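[1] sharing a model prediction with you, sequence too.
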Amino acid sequence: MSDKYIVPRRLDDPELIGLWTLDEFMGLAIPFAWGILTQHILIGIILSGGAWFALRKAKAGRASSWVIHAAYWYLGATFVRLKATPPSHCRLLAG
């Protein structure tokens, strides 16, 4: 009997695109697309592999949203576009 619904085995598993999480997939896709658009496919493949490896090492042992939190902290709220958070330059909040 085939099941109609897929039940995840673990609740904390991130969403995957193929074999990669969303941020790893974007790290692969953006340099590869740049390589195709500029007709430097080999360089795009090398850069996408390097970006994937760097993201994998940066996320090792940390939360899956660590990259987004670091981008908010260093690049500011306008880059990440979070609406419910204070500006990133306000380090001390009274409350």
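    Cool, got the structure.
[2] determine the longest helix present in the chain.
    Counting by DSSP state H, the longest helix found in the chain is helix 41-59.
[3] tell me the buried residues in whichever helix or strand comes after that helix?
    Using DSSP states H and E, the helix or strand that follows helix 41-59 in sequence is helix 66-75. Using 16 or more other C-beta atoms under 10 Å as the test for burial, helix 66-75 gives 67, 71-72. Glycine gets a C-beta too; all of them are placed from N, C-alpha and C.
[4] low-confidence ranges in the protein?
    1-2, 8, 77, 82-83, 88, 93-95 (pLDDT under 70).
[5] what residues does the residue minimising distance to the centre of it make contact with?
    Most central in the chain under C-alpha atoms, centre = their mean is residue 23, positioned 2.0 Å from the mean C-alpha point. By C-beta atoms under 8 Å, 6 or more residues apart in numbering, the contact set of residue 23 is 55, 59, 67-68.
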